[in-house]
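Visitor: with the input below, show me the fold.
(chains A and B)
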Amino acid sequence: MLLQQILNGLLGSGIYALYAVGFTVIFGIMGVLNMAHADVGMVAAMAVVWAVMMGLGPIEAMALSLAVTALIAVVIERCAIRPAQRFKSDAAIEMPLIATIGIGMILENLAALLLGNRALPFPFQRSAFLNIGGFLVSEGLLISAGIAVVLLLALELLVARTSFGRQVRAVAQNRNAARIMGINPEFMVLITVILTSGLAGIAGCLAGVSYGFVAPYMGIPYAIKGLVAMIVGGIGSLRGAVLGAILIGVVEAVAVTYFGSQSRDVWVFVILMIVLALKPTGLVKAQGVA
Amino acid sequence: MTGGTAEPVLEISRLAVSYGSKPAVRDVSLSIGPGEAVAVIGSNGAGKTSMLRGIMGLASVAAERLVFAGRAIAGLPAQRIATLGIGYVAEGRELFPGLTVEEELLIGSRKLSRAERADRFEEVFELFPRLKERLGQVTRTMSGGEQQMLAIARVLLRAPKLLLLDEPSLGLAPIIQDAVYGALAALRKRGLPMLLVEQNAFRALNACDRAYVLELGSITREGASCEFLDDPSIRAAYLGS
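Guide: You can find the predicted model right below:
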């Protein structure tokens, strides 16, 4: 029973991890919280639902969803993040925080207005359960976890081993030094916001694949858990964000079994408080983005 | 004011630099000819660093003329100025503290092909052999001298047409200063134009062909370095004798 729940938690943590790395990369590079991040995932999933309702095939629906995601990412960067960069005071942190909360609310309400304030069945849901080695495994969660692992490994390689990744880390660590080395920080931030929004979009769709439904306000719990995973893991650390997501996913699953589903979110915050008390910088220390 | 008859690499006329409403540089006019090494000496707070930051696009400027390699650069962002060919070694080195030496060098050489990069790496390792031994080291754990060498090396990998150096000897032990200035002398021999800003006027004047004196944000004197070294008023004000 316990092993089964740990397995469920591990598989479910893939979606949390995709959200958490997005939060941590943006915070690591910009020092701002993109509170609309998880809502971008919701929009991506809702866009797929809408596209299929309009008669588009799976490939066209996914392409549309990615295009919408990229567009929203550009809006977030241009309207909420970039304008604050000219401030050196706390406004540089507070302004994007409030602005992205606002963008998130706009996205939620627009989705509710256009598609109704209700849960909608996701067209590519996988609700079957597989028996693997005596464990019952959700096909949707298995697919989600597999895709998340591939994407997270690709992201790790991108950040650690490529010229693009070095430039992102350079911008995160010293923006002026990046400029004098010919790197355009604003462009790097824009690309990074698009990239992380893409991950959020995929996470939103994977939530639909795994749990069968998507809804205008589905982003809120993912935002909270993604943020907690980022903080628990250590802000700016990709591996830390993944570790935090796994911890949350497993504790949630185990807590549901032993303490009931009502206690699920309580334990997430219990973990947060324990980690903050014992290791305030999080489980993995990072400088900038690493 | 040019050092020769050829077209200057950098030409500045009536440059002013400010931070918000606070003026830091009021009136700087200078030029650097091809292959020329030029020093700007001045006391602390004279505006030397601000002048370099203004040239580099890191502070807001107003200028009658600010031309690099025949192109007006006033108002361009720093990354564009860097791409045009000005290499800037900033005061305090401005490294990326969490990157390794190799990663810093790779950032400097990111536009090069693999073969070009290997050649350029060898060139900078000839100037600074110590960096070759430190490739895997994270820059924040390096000594000040090693960081200064790295700051110069990563800029050289970009094959700059002009080098701006801000206090390259600041905070370094004399033996490390010798190593850094030895490398600068080698670059000067290769004909790389440079604008060197230093509080250590003796080192700066010995390393350069010409010099300017910057006082309270304005250029007050210009001349050959050797003349300045023998000038009693310069010696009294900046050379401590």
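
Visitor: all helices of the chain, in order?
Guide: With no chain named, the answer covers chain A. Using DSSP state H, the helices of chain A run over residues A:2-30, A:37-53, A:58-75, A:91-115, A:139-161, A:163-173, A:175-180, A:185-211, A:219-233, A:238-259, A:264-278.

Visitor: meant chain B actually
Guide: B:48-56, B:78-84, B:101-108, B:114-127, B:129-133, B:144-156, B:174-189, B:201-207, B:225-230, B:232-238.

Visitor: quick one, what contacts the most centrally placed residue in chain B?
Guide: What sits nearest the mean C-alpha location of chain B, by CA atoms, centre = their mean, is residue B:165, with 1.7 Å. Residue B:165 is in contact with B:89, B:152, B:184, B:194-197, counting by CB atoms under 8 Å, 6 or more residues apart in numbering or on different chains. All C-beta atoms are positioned from the backbone trio N, CA, C, and that covers glycine.

Visitor: could you list the low-confidence segments of the chain?
Guide: Just going to use chain A. A:287-290 (pLDDT under 70).

Visitor: not what I meant, chain B
Guide: For chain B, the stretches flagged by pLDDT under 70 are B:1-5, B:241.

Visitor: tell me which parts of it are close to chain A?
Guide: Listed as neighbours of chain A in chain B under the rule CB under 8 Å from any CB of the partner chain: B:56-58, B:77-79, B:82-83, B:88, B:90, B:94-99, B:103, B:106-108, B:110, B:154-155, B:158.

Visitor: what sits against residue B:105?
Guide: Applying CB under 8 Å, 6+ apart, we find residue B:105 in contact with B:121, B:124, B:131, B:135, B:150, B:153-154, B:157.

Visitor: ok, so of the contacts of residue B:165, who is nearest chain A?
Guide: Nearest to chain A among the contacts of residue B:165: residue B:89, at 8.6 Å, using CB to the nearest CB.

Visitor: what does chain A put close to chain B?
Guide: Within chain A, the positions near chain B by CB under 8 Å from any CB are A:163, A:166-167, A:169-170, A:173-174, A:176-185, A:286-288, A:290.

Visitor: now with 6 Å?
Guide: Residues of chain A lying near chain B by CB under 6 Å from any CB of the partner chain: A:163, A:166, A:170, A:173-174, A:177, A:179-184, A:287-288.

Visitor: are any of these buried, and which?
Guide: Among the residues of chain A next to chain B, those classed as buried by 16 or more other CB atoms under 10 Å in any protein chain shown are A:166, A:170, A:173-174, A:177, A:179-184, A:287-288.

Visitor: ok so, going back, out of the helices of chain B, nearest to residue A:255?
Guide: For residue A:255, the closest of the helices of chain B is helix B:101-108, at 41.5 Å, according to CB to CB.

Visitor: so the closest one versus helix A:163-173, what angle?
Guide: Between helix B:101-108 and helix A:163-173, the angle comes out at 100 degrees (axes from the mean of the first three to the mean of the last three CA atoms, to 10 degrees).

Visitor: can I get the helices of chain B in TSV including distance to residue A:68?
Guide: Formatted as TSV, the helices of chain B follow (distance: least, CB to CB, whole Å):
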stretch	distance to residue A:68
helix B:48-56	40
helix B:78-84	30
helix B:101-108	34
helix B:114-127	39
helix B:129-133	47
helix B:144-156	40
helix B:174-189	52
helix B:201-207	58
helix B:225-230	63
helix B:232-238	63
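
Visitor: burial measure for residue B:78, as a count.
Guide: 26 (other CB atoms under 10 Å in any protein chain shown).

Visitor: so what's it up against?
Guide: Shown in contact with residue B:78 (CB atoms under 6 Å, 6 or more residues apart in numbering or on different chains): A:179-180, B:56-58.

Visitor: closest one of these to residue A:278?
Guide: Nearest to residue A:278 among the contacts of residue B:78, with distances taken as CB to CB, is residue A:179, at 38.7 Å.

Visitor: that closest one is in contact with residue B:79, isn't it?
Guide: Yes - under the criterion of CB atoms under 6 Å, residue A:179 makes contact with residue B:79 at 4.7 Å.

Visitor: filter the residues of chain B next to chain A down to the buried ones.
Guide: Neighbour counting with 16+ other CB under 10 Å marks B:56-58, B:78-79, B:82-83, B:88, B:90, B:94-99, B:103, B:106-108, B:110, B:154-155, B:158 as buried within those.

Visitor: contacts only, for residue B:199.
Guide: Here residue B:199 is in contact with no residue (CB under 6 Å, 6+ apart).

Visitor: how many neighbours does residue B:175 have?
Guide: Neighbour count for residue B:175, taken as other CB under 10 Å: 8.

Visitor: next, find the distance separating it from chain A.
Guide: Going from residue B:175 to chain A by CB to the nearest CB, to the nearest Å gives 26 Å.

Visitor: same thing with residue B:212?
Guide: 22 Å.

Visitor: likewise residue B:143?
Guide: The value you get for residue B:143 to chain A, if CB to the nearest CB is used, is 19 Å.

Visitor: residues touching that residue, list them.
Guide: Counting by CB under 6 Å, 6+ apart, residue B:143 touches no other residue.

Visitor: swap in 10 Å and give it another go.
Guide: Residues counted as contacts of residue B:143 (CB atoms under 10 Å, 6 or more residues apart in numbering or on different chains) are B:130, B:134, B:149, B:172-173, B:176.

Visitor: and what of residue A:103?
Guide: Counting by CB under 10 Å, 6+ apart, residue A:103 makes contact with A:34-37, A:39-40, A:72, A:75-76, A:79-80, A:96.

Visitor: drop anything exposed from these.
Guide: Buried members of these, scored by 16+ other CB under 10 Å, are A:34-37, A:39-40, A:72, A:76, A:80, A:96.

Visitor: quickly list what the residue nearest to the centre of chain B is bridged to.
Guide: Beta-bridge pairing of residue B:165 under DSSP bridges involves residue B:89, residue B:196.

Visitor: quick one: it and residue B:79, what's the gap?
Guide: 19 Å (CB to CB, to the nearest Å).

Visitor: can you check residue B:73 too?
Guide: 12 Å.

Visitor: need the overlap of contacts for the two.
Guide: Residues touching both residue B:73 and residue B:79 by CB under 10 Å, 6+ apart: residue B:57.

Visitor: can you pull the buried residues of stretch A:107-117?
Guide: Those would be A:107-108, A:111, A:115, for stretch A:107-117 by 16+ other CB under 10 Å.

Visitor: same question, stretch B:178-191
Guide: B:179-181, B:183-184, B:187-188.

Visitor: re earlier: who touches both of residue A:179 and residue B:79?
Guide: Shared contacts of residue A:179 and residue B:79 (CB under 10 Å, 6+ apart): A:185-186, B:57.

Visitor: which of the contacts of residue B:143 sit farthest apart?
Guide: For these, the maximum inter-member distance is 17.2 Å, found between B:134 and B:173 (CB to CB).

Visitor: more neighbours: those two, which one.
Guide: When neighbours are counted by other CB under 10 Å, residue B:134 and residue B:173 differ, and residue B:134 comes out ahead with 19 against 12.
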